[in-house]
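**Student:** From the sequence below, what's the structure:
(one chain, ligands or ions: 1)
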Amino acid sequence: MNEPKYKRVMLKLSGESLAGTSGYGIDFNVAKRIAEEIKDLIDMGVEVGAVIGAGNIWRGREGSGMDRVTADNMGMLATCINALALQNSLEDLGIETRVQSAIEMREIAEPFIRRRAVRHLEKGRVVIFAAGSGNPYFTTDTAAALRAAEIDAECILLAKKVDGVYDMDPNIHPEAIKYDKLTYRQVIEQDLKVMDITAITLCKDNDIPIIVFGLDGEGNIVKAITGESNGTIIDG
Ligand code: UDP
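**Tutor:** Purely as a prediction, here's the structure:
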């Protein structure tokens, strides 16, 4: 097996990645598969932080007509449900895992404390950062960029349904072309649908490369960190 190119990474999983084919809720077979791949990273000596979205349970006020802040608070709480599910799957495999929440819920998760998170990582524990950034009007992509900067992660592993960044939506346009490499500026200027602009800007300002890859397919998380993935790298 090739050597990992990074020692400490931030894995960003969308909520939908936990949903399996139903597109909703949590498929524990999928959670187990993701946990097994994270275990492979831990076994390689990589320190893993993770941020998980909530699109499988709740995504803002989409179509509900709700108050934005209330809807976003619900989204952040939904990320906590996903975080606990992933923690459970990791611990089933014997991987020590801590959930740190941006919104205090001490009976369920530790509060986010940067130095403590780093200590957990150094001890080989997976740290799942739940409740996004703790603020409405943000996304979990931005939370991943923020926490990555805070814990000095060397890259963000951005797991997607598609296997990289394309010039058009490849599900609609089969002729879409995949980029091997992009700069942050290209992503922003071409309005490529990778992460929201706030998240990309945070990565740009803090020189955090983003490795975009498809989660479907065995061993793709490991391939992303050993440089064998055929996804897209965003940096420079
Ligand atoms: N959210 C928020 N602040 C944050 C992170 C998330 O308000 O810092 C809310 C927001 O409503 C968002 C929802 O949580 O739509 C779920 O997060 P996201 O859409 O990023 O999940 P994903 O698309 O990755 O599954």
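**Student:** close enough to count as contact, residue 207 and residue 235?
**Tutor:** Yes - Residue 207 sits in contact with residue 235 when judged by CB atoms under 8 Å, with a separation of 7.5 Å. C-beta coordinates here come from the backbone N, C-alpha and C atoms, glycine included.
**Student:** Looking at those two, which is more packed in?
**Tutor:** Taking other CB atoms under 10 Å, residue 207 and residue 235 do not tie; residue 235 has more neighbours (15 against 11).
**Student:** Tell me how many other residues crowd the nearest residue to that one once chain neighbours are set aside.
**Tutor:** Excluding its sequence neighbours, the residue lying closest to residue 235 (CB to CB, 6 or more residues apart in numbering) is residue 209, at 3.9 Å. Each residue near residue 209 was counted by other CB under 10 Å, and the total is 17.
**Student:** Return the residues in contact with residue 209.
**Tutor:** The contact partners of residue 209, taken as CB atoms under 8 Å, 6 or more residues apart in numbering, are 154-156, 203, 233-235.
**Student:** change it to 10 Å
**Tutor:** For residue 209, the set of contacting residues under the criterion of CB atoms under 10 Å, 6 or more residues apart in numbering consists of 5-6, 153-157, 184, 203, 233-236.
**Student:** Same question for residue 141.
**Tutor:** Listed by CB under 10 Å, 6+ apart, the contact set of residue 141 reads 12, 14, 51, 53, 132, 156, 158, 194-200, 202-203, 210.
**Student:** anything in the host helix or strand of it near the ligand?
**Tutor:** Of the helices and strands defined by DSSP states H and E, residue 141 is found in helix 140-150. Yes - judged by CB under 6 Å from any ligand atom, helix 140-150 comes into contact with the ligand through 140-141, 143.
**Student:** which parts of this protein sit against the ligand?
**Tutor:** Residues of the chain found near the ligand (CB under 6 Å from any ligand atom) are 14-16, 53-55, 59-60, 71-72, 75-76, 132-133, 135-136, 138-141, 143.
**Student:** and if we set it to 8 Å?
**Tutor:** Taking CB under 8 Å from any ligand atom as the contact definition, the chain meets the ligand at 12-17, 52-56, 58-62, 71-76, 78-79, 102, 131-143.
**Student:** So which of those residues belong to strands?
**Tutor:** Of the positions in the residues of the chain next to the ligand, 12-13, 52 sit in strands, assigned by DSSP state E.
**Student:** SS state for residue 163?
**Tutor:** Per DSSP: H, G, I helix; E, B strand; the rest coil, the secondary structure class of residue 163 is coil.
**Student:** Contacts only, for it.
**Tutor:** Taking CB under 10 Å, 6+ apart, we find residue 163 in contact with 170, 178, 212-217, 220, 229-232.
**Student:** Also residue 71?
**Tutor:** Residue 71 is in contact with 58-62, 64-65, 136, counting by CB under 10 Å, 6+ apart.
**Student:** Narrow these to those that are buried.
**Tutor:** Members of the contacts of residue 71 that pass the buried threshold by neighbour count (16 or more other CB atoms under 10 Å) are listed as 58-61, 136.
**Student:** from those residues, which has minimum pLDDT?
**Tutor:** By pLDDT, residue 60 ranks lowest within the buried ones among the contacts of residue 71, coming in at 79.
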